[in-house]
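> mind folding the following:
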Amino acid sequence: MLRHGEDGVPHARGTYRGTAEPYLPMIAKIVKGGNFRGVVNYILEKEKDAKILVCDGLFSENKDKIVMSFEAQSGMNPRVTKPVGHIALAFSREDEHRLTDRTMAGIALEYLERMGIKDTQALVVRHFDKEHPHVHIAFNRIANDGRTISDRNERIRSTRVCKELTLKYGLHMANGKDNVKRNRLKEQDKTKYELYSLLKSEVSRCGNWRQLAANLEKQGVEMQFKYKGNSDEVQGVVLSKNGYPFSGSKIDRQFSYSKIDAALNSNKYEERQRVMTGNQTPKYPTSQFELTGNDDLYNGSIRLFMPSGTNGQTEENYFEEQLKRKNKKKKQRKISL
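All right, here's what the predicted structure looks like:
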C-alpha cells in the first residue's frame, strides 16, 4: 500500500520509495505535499540515474535553484498549504523500445495539458532504475498568475486521460493480472492468480461446463455452483484451490458465471461452424463426456457441478434452459411494472 509523505514522495512501507509496479500500460500516481526540496531531491537522485527531460519556468543550474524557483512562485498564494504536485507516470516494459526521451516528454506534457495543469512550473525527469520505463513530474500547484490549479476529481480524470493517451500513442494494452510478480504475493493471493491463469487458458479451449470442470479438476481445482435458495437457478460459480475458495467474478470480472457461460457457448458455436465448413473432427463433443473418476461428482447431493434431476439432459442444454428461464423472469418483472 502506498503512503504519501509530507515531501510529496510516494513510498511503500518497508520497501522502496518510488512508483508502484505498473500492472497496466500507463499508470499515473498523483501526490500532493508541502516540501519542494523533498520532491526535487527525490526525483533528481543520482541512484535513480535521473535525466531531466523538461524544465519549464525554473532556474535549472542545480537543485537549489530549482527549489528556489518553485518556492518563490508558491509564495504568491501562501494560503495553499500543499503547493507541491508530484506525478509518477509508469509504462509497460513492452513499450520500452518505443519510448524515447522525446516521446516520453511529449506524453508527459500532453498528460499535464489534458489534466488542466498548465501555465505553471513543471519539471519532468526520467528514471532508469526500474525494469519499466517511467517519468516523474514535479509541478507547482500555484499557477503563474497566483491561482490554485484545481485537483477536483483528479483521480477519475487521470484514469480517463491515461486510457486516452494509451490509445492515441498505441501503447501496450495488457491485462494487469498478467504482469503481477507472484513470488511476492501471500499464499491466498498467489492462489487467486493461479486460478486466473488456469481459467484464462481453459475457458478459451472448452466448449461446455463439463469439460471445463474436468480440465480444472486435473489441475487441483474444484468447481461449485451457487444456487438461488433451494431452487436450481444458478447464480454464480465458486472455484477452490489449495483450500482457498473464490467466486469467479472475484478472480476477474471476465470469469463471472454468466461471462464464462457465454464464452463456452461461443467456443462451441465457432467449433460447430468450423466443422460444418471444413469437415473437421469436433473439438468439443456434444455427446456425454468421458470423465475420469466418479460421475456422481456432477449429480450428487453436494451440488458440485449439476443439480440432480436433470433427466439425462446434457449440461449445455440444462444451462441454456436456466438462462432462458432467468431472462423470462426479468421480462415478466418489467411487464408487471
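
> mind listing the strands for the stretch 51-200 of the chain?
In the stretch 51-200 of the chain, the strands defined using DSSP state E, counting those that start in this stretch lie at 51-56, 84-91, 122-127, 134-140.

> can you list the ones you listed in TSV and add distance to L239 and mean pLDDT?
For every residue, glycine as well, the C-beta is placed using N, CA and C. Below are the strands of the stretch 51-200 of the chain laid out as TSV (distance: least, CB to CB, whole Å; pLDDT from 0 to 100):
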stretch	distance to L239	mean pLDDT
strand 51-56	46	97
strand 84-91	31	96
strand 122-127	39	97
strand 134-140	35	97
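
> low-confidence ranges in the stretch 201-337 of the chain?
By pLDDT under 70, the low-scoring segments of the stretch 201-337 of the chain are 278-337.

> kindly recompute the last result at 50.
Counting by pLDDT under 50, the stretch 201-337 of the chain contains low-confidence residues at 286-316, 329-337.

> residues near E61, how many?
With neighbours defined by other CB atoms under 10 Å, the count for E61 comes to 8.

> what about the helices in this structure?
36-43, 63-74, 101-114, 154-168, 187-203, 209-217, 248-251, 257-278, 315-336 (DSSP state H).

> before we move on, back to that, among the strands of the stretch 51-200 of the chain, which comes closest to L44?
strand 122-127 (6.4 Å; CB to CB).

> who does the closest one touch, helix- and strand-wise?
Judged by 3 or more CB pairs under 8 Å, 6 or more residues apart in numbering; DSSP states H and E, strand 122-127 is in contact with helix 36-43, strand 51-56, helix 101-114, strand 134-140.

> wait, what's in contact with G116?
I149, S150, R157 (CB atoms under 8 Å, 6 or more residues apart in numbering).

> on the pLDDT front, check it for me.
With respect to pLDDT, G116 scores 97.

> cool, and K192?
For K192, the model assigns a pLDDT of 87.

> hmm, Y193 is touching L185, no?
Yes - between Y193 and L185 a contact is recorded at 6.7 Å, counting by CB atoms under 8 Å.

> would TSV of the strands of the stretch 51-200 of the chain with mean neighbour count and distance to V161 be doable?
Converted to TSV, the strands of the stretch 51-200 of the chain look like this (neighbours: other CB atoms under 10 Å; distance: least, CB to CB, whole Å):
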stretch	mean neighbour count	distance to V161
strand 51-56	16	17
strand 84-91	25	10
strand 122-127	23	16
strand 134-140	26	13
